[in-house]
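Trainee: Task: produce atomic coordinates for the following.
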Amino acid sequence: MEILKLFFGQRADKIWQIQSVKSVPIKPLAGADSDFYTIENDIFVGDPPFLGTLHSILGQSIVPIVAQVPGEPVLRCLGTGFFISCSGLLITAAHVISDPIERAYDGVTEIAEGNWHLGGVKLGVMLPLNPFSGARGFIFRDILWGSFLGQKAASPMPIRGLDLKLTSDTAICQVAAIAEGIPHQPLTIVQPGIRGVGLGVGKMATAIGYVGMQDISLTAEGGNVVSGDFKFNLHVSRGSILEQFPENAVKKEVPTPGPCFSASIKLPGGMSGSPIFDDERIYVHGVVSKGWEDESGPTNFGYGSMLAPSLGLPIRPLNDQSLIDLFKLDDHGIPKLFIADA
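Mentor: Predicted coordinates:
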């Protein structure tokens, strides 16, 4: 299996620029199930000359979301997110970033409808270092703000102890920069004007995210360095689209809030917020929302939130601009792969 991926750099005039477009080959560990597996950590060679591992390459785009409460020597693993811009805009499931709200972490308060101040809680993402650079481990980058891509509603997604209900299980966040001039590496999301098979019923959906994450005990090593048993294992989960629910926000046909779809796909804990690629594995059309498990583990059934209906929603921390507005600008470095209608 392969996914199409863009690789970005920054020009001298500080404009984000595509440096190369590559098909990234992804294969399972030997003997693994072909529809649900840990990704083999092969070597990847790119252009301009670049050497890395698949986990370090994909891990620049698809990241674990974590939190640390002041005074706790523990890193809480919440779910998965994925970058959609070089500037650090990231999408995940709303219920992933609502975890600090739901559990009432220290200092978390609502500052405006759908927007929250996290107090002393450190909420952020883990970015892998390229082992071929001579470094190993991960760097932490803060989530500076988060905003839900949905309105408050009477139902269907209550958060315990709070007057917060959402019309979509999607959220957008701003992640701090890696360093000046160094872009985050975004995935290409569904956008106006594209042509493709998308997520039609009967087509194949592919989710890539982190499975089996456990909270991690931390040990201070001096300065800003901490050590721990960081086991972030990227998995692929594939299955066919079973049904679409574009009017779910009104009809409330299924438990995932807002427009969504069901698929014959295993979505265990940790994959919430993962990107779901379309049949062509070019565009991200959905966000992992909910999977089912029984006594034997994850079942071949789950829900994903549709991204397309959220593209026009205003994002308050971005002066009420929508993702459709941002597509027209060069400020954020959002991948644009438009295919004009014939």
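
Trainee: can you give me the helices in the stretch 201-342 of the chain?
Mentor: Here the stretch 201-342 of the chain has its helices, by DSSP state H, counting those that start in this stretch, at 248-251, 323-327.

Trainee: Now do the contacts for the residue lying closest to Pro186 once chain neighbours are set aside.
Mentor: Among residues not flanking Pro186 along the chain, Phe83 sits closest, at 4.4 Å (Cβ to Cβ, 6 or more residues apart in numbering). C-beta coordinates here come from the backbone N, C-alpha and C atoms, glycine included. By Cβ atoms under 8 Å, 6 or more residues apart in numbering, the contact set of Phe83 is 60-61, 63, 89-90, 175, 184-187.

Trainee: Kindly reformat these as CSV containing neighbour count and pLDDT.
Mentor: Compiled in CSV, the contacts of Phe83 are given as follows (neighbours: other Cβ atoms under 10 Å; pLDDT from 0 to 100):
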residue, neighbour count, pLDDT
Gln60, 20, 94
Ser61, 24, 96
Val63, 27, 96
Leu89, 21, 97
Leu90, 25, 97
Val175, 25, 95
His184, 26, 95
Gln185, 22, 95
Pro186, 27, 96
Leu187, 23, 96
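
Trainee: closest to Glu295 among those residues?
Mentor: Val63 (31.2 Å; Cβ to Cβ).

Trainee: ok, whichever strand or helix holds that closest one: who's next to it in the sheet?
Mentor: Element membership of Val63, judged by DSSP states H and E, is strand 62-68. Sheet pairing of strand 62-68 (DSSP bridges) gives strand 74-83 (antiparallel), strand 122-128 (antiparallel).

Trainee: And the pLDDT for Gln151?
Mentor: According to the prediction, Gln151 has pLDDT 62.

Trainee: In contact with Val21, which residues?
Mentor: Val21 neighbours (Cβ under 8 Å, 6+ apart): 4-7.

Trainee: Filter the residues you listed down to the ones in strands?
Mentor: 4-7 (DSSP state E).

Trainee: Quick check: Glu293 touching Asn300?
Mentor: No: counting by Cβ atoms under 8 Å, Asn300 is not a contact partner of Glu293; they are 11.1 Å apart.

Trainee: out of these two, which sits in the more crowded spot?
Mentor: Asn300 (17 against 14; other Cβ atoms under 10 Å).

Trainee: so what's that one up against?
Mentor: By Cβ under 8 Å, 6+ apart, the neighbours of Asn300 are 239, 264-266.

Trainee: Could you identify the most distant pair in those?
Mentor: Among the contacts of Asn300, Ser264 and Lys266 lie farthest apart (Cβ to Cβ), at 8.8 Å.

Trainee: the more surrounded of the two?
Mentor: Lys266 (24 against 16).

Trainee: Kindly state the pLDDT recorded for the more buried one?
Mentor: Reported pLDDT for Lys266: 93.

Trainee: can I assume Gln17 sits in a strand?
Mentor: Yes: Gln17: assigned to a strand according to DSSP: H, G, I helix; E, B strand; the rest coil.

Trainee: Just among the contacts of Val21, which is most surrounded?
Mentor: Busiest of the contacts of Val21 [other Cβ under 10 Å] is Lys5, holding 23 neighbours.

Trainee: Noted, bye for now.
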